[in-house]
Structures are given as C-alpha cells and as structure tokens.
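Participant: coords below, sequence missing:
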C-alpha cells in the first residue's frame, strides 16, 4: 500500500512511448534501421540481440554514430553518416507505422481507458522524433494525450530529465502529483531525476535493466500489481477532488 499522502496526489500520468506504450523496438525501429542500411548500400545489419544492446544508447542518430565509430569509421564520418541515415530511418519507421506494423502493448488501451475515466490527465514524454511519434499515437490511441513532448522539441535525451521537465512546465503539474510510466533504466533515471514517481513496465529488451529507482516494477501494462497501484491512487484522487 502507498502512504496516504501519496495516494491523494495523482493528477497526471506521463507515458514513455517506445517499449512502454507500444511494441516498437524489435519489429519497428530495428527494421527501419536495417532498411536504411540496405538503401544506402551498406553491409551493416542489426540482429535482434545486437539491437537490444544498442538500446542502452538513447536517440537513433546517436545510436547510429556509436555503431559506425565502433565498426571502423572515423568520428567525423560516423556522425555525418549517422545523421544522414537517421533521416531515412525515420522515413521507413513512418511507413511501418502507417502500415500498422507497430502495435500497442497488451493492456495499454485498457489502462488508458481506466485512467481517462478517472479524470487523470494523460501526457507523453519521449525521445522519439515527432515525425513518427505523433502519427503512431494518433493511429494506435487516437487523440487521448493532452501534452506530447518528443526528442524533436527537447535535444537532451534520456536519462536526462529534460523531456519530463518540459511536460511538467507546460502543464503546470507539480511533480509530486504526477507519475511516469517507463520501461527502461534510462527512462526510470530520467523520471526520477525530474522528481517523479515512476512505474516501470519492462519488456523483453529491458527485463534485465536496473529499474531499482522505480516505485514499482511490473511485467507489463496489464500486470495486476500495476493496475492495483493505479486503482488505489486514482480512487484516492477522486475522493479528494469530491470532498
């Protein structure tokens, strides 16, 4: 159980996107990166396990730059190639989104429905590019989120708390009255650095991440423990708003 002083304060939930709201990494981003490699005539390919290791680096352009630097390119060439291919990768990712290949994680729709019915505001804080994040959210969930901040607006990527601080600034919500939902160590660190409570719903790629900073670590968005946490917190919030 949560202390009463915490139970009465939930006004907003801030979701990460990749690996949290949607299953986008293995069969979304990884596929798009490989398509960009192939289009450019490069021999590079990211297998499932390889991509899992590269996910420790947030931001697609930085991930590409790291890869190229560690596969024989000079730092200057790696950065230029990374930035150029990331633009093409975004194009391929958008096509995957439009074709319906990126789906919501199990339980995502039900959780959002429950939170919305409780009167809690829903926001997004992601380091993904708005060019594909916005179409994905609209296609997968409709117009459900009040505020969406992406890596296009905030240059400092997670584990920096910048994207979360921007959401809090724009909404005017105090951090003690919000909770973040994340899936990875970088995401949890970013949320905690923004003074947010964080619920971690890990996925196969982040199952072994250090999520010790989270208030709760769950097996997914449909985990009974995570749902019970929200049921209690939202119930207390409704009670205080109707006193």
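Facilitator: Done, it's in. This structure is a prediction, so every number in the text was calculated from the model and none was measured. Numbering: from 1, shown residues only.
Participant: show me where this structure has its strands.
Facilitator: Ranges of strands in the chain, per DSSP state E, are 12-15, 22-23, 103-104, 121-125, 147-149, 178-182, 197-201, 216-218.
Participant: now those as JSON lines including mean neighbour count?
Facilitator: In this view, the C-beta of every residue, glycine as well, is placed from N, C-alpha and C. Formatted as JSON lines, the strands of the chain follow (neighbours: other Cβ atoms under 10 Å):
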{"stretch": "strand 12-15", "mean neighbour count": "26"}
{"stretch": "strand 22-23", "mean neighbour count": "22"}
{"stretch": "strand 103-104", "mean neighbour count": "17"}
{"stretch": "strand 121-125", "mean neighbour count": "22"}
{"stretch": "strand 147-149", "mean neighbour count": "21"}
{"stretch": "strand 178-182", "mean neighbour count": "27"}
{"stretch": "strand 197-201", "mean neighbour count": "25"}
{"stretch": "strand 216-218", "mean neighbour count": "20"}
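Participant: just the pLDDT for residue 235.
Facilitator: Confidence at residue 235, expressed as pLDDT, is 74.
Participant: now do residue 8
Facilitator: Residue 8 carries a pLDDT value of 45.
Participant: tell me where the model's unsure across the chain.
Facilitator: Filtered on pLDDT under 70, the chain yields the residue ranges 1-9, 236-243.
Participant: grab the longest helix from it for me.
Facilitator: Among the segments of the chain that qualify as a helix by DSSP state H, the longest is helix 75-98.
Participant: what helices and strands are in contact with that one?
Facilitator: Here helix 75-98 touches helix 30-39, helix 60-69, helix 130-141, going by 3 or more Cβ pairs under 8 Å, 6 or more residues apart in numbering; DSSP states H and E.
Participant: wait, doesn't residue 152 sit right on residue 131?
Facilitator: Yes. Between residue 152 and residue 131 there is a contact under Cβ atoms under 8 Å: 7.3 Å.
Participant: before we move on, the earlier item: can I get the strands of the chain in CSV including distance to residue 91?
Facilitator: Listed next are the strands of the chain as CSV, based on distance: least, Cβ to Cβ, whole Å:
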stretch, distance to residue 91
strand 12-15, 25
strand 22-23, 19
strand 103-104, 20
strand 121-125, 22
strand 147-149, 20
strand 178-182, 27
strand 197-201, 29
strand 216-218, 34
